[in-house]
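A.B. asks: I would like to see how this sequence folds:
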Amino acid sequence: MAGLMWEEEREKRQSESLKNHERLSRLFREDRLSFERERRDAIRELIDSASDEEQKKRLWDLQNSWDKKMKGAGSAHNRIVLAKVIFWDHFHNVWNPEIQRLNRILNESG
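C.D. replies: Numbering: from 1, shown residues only. This next block holds a predicted model:
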């Protein structure tokens with residue numbers, strides 16, 4: 001029974017998310033200023049929801065760094081290329097080494 005309720009809630013969340021995405025997509029095309037205002041408000045709300053002040057500071061630093069990098073990209077195409085470069089750089093230099101470290105720990109203890 002709980003699984004059925006979770007599935008219904010998931011479908012409701014998904015439907016609401018798709019409606020919100022469509023609204024933001026339309027706003028992006030028709031009113032960039034309002035879109036940017038909503039984007040900033042959503043980011044602020046998410047970061048402010050963090051309970052730890054140090055984590056909030058790290059999140060704001062990360063967001064400010066991201067915004068600065070994206071501002072210098074120049075075009076939509078350059079922004080997506082830059083986002084991919086940032087993602088893969090982070091994957092190779094942060095995530096993958098940590099995954100490898102954890103893998104070694106698991107394999108040594110097994």
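A.B. asks: quick check: longest helix of the chain.
C.D. replies: The longest helix of the chain (DSSP state H) is helix 2-30.
A.B. asks: Following the chain past that one, name the next helix or strand.
C.D. replies: Per DSSP states H and E, helix 2-30 leads on to helix 32-48 as the next helix or strand towards the C-terminus.
A.B. asks: Show me what that next one is in contact with.
C.D. replies: 24, 27-28, 56, 59-60, 63 (C-beta atoms under 8 Å, 6 or more residues apart in numbering). (Glycine included, C-beta is placed from N, CA and C.)
A.B. asks: for the protein, which spans come out with low pLDDT?
C.D. replies: For the chain, residues meeting the criterion pLDDT under 70 lie at 1-2, 110.
A.B. asks: need the contact list for residue 27.
C.D. replies: Neighbours of residue 27 in contact, by C-beta under 8 Å, 6+ apart: 34-35, 38.
A.B. asks: now those as JSON lines including neighbour count and distance to residue 48?
C.D. replies: What follows is the contacts of residue 27, written out as JSON lines (neighbours: other C-beta atoms under 10 Å; distance: C-beta to C-beta, whole Å):
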{"residue": "34", "neighbour count": "12", "distance to residue 48": "21"}
{"residue": "35", "neighbour count": "17", "distance to residue 48": "20"}
{"residue": "38", "neighbour count": "16", "distance to residue 48": "15"}
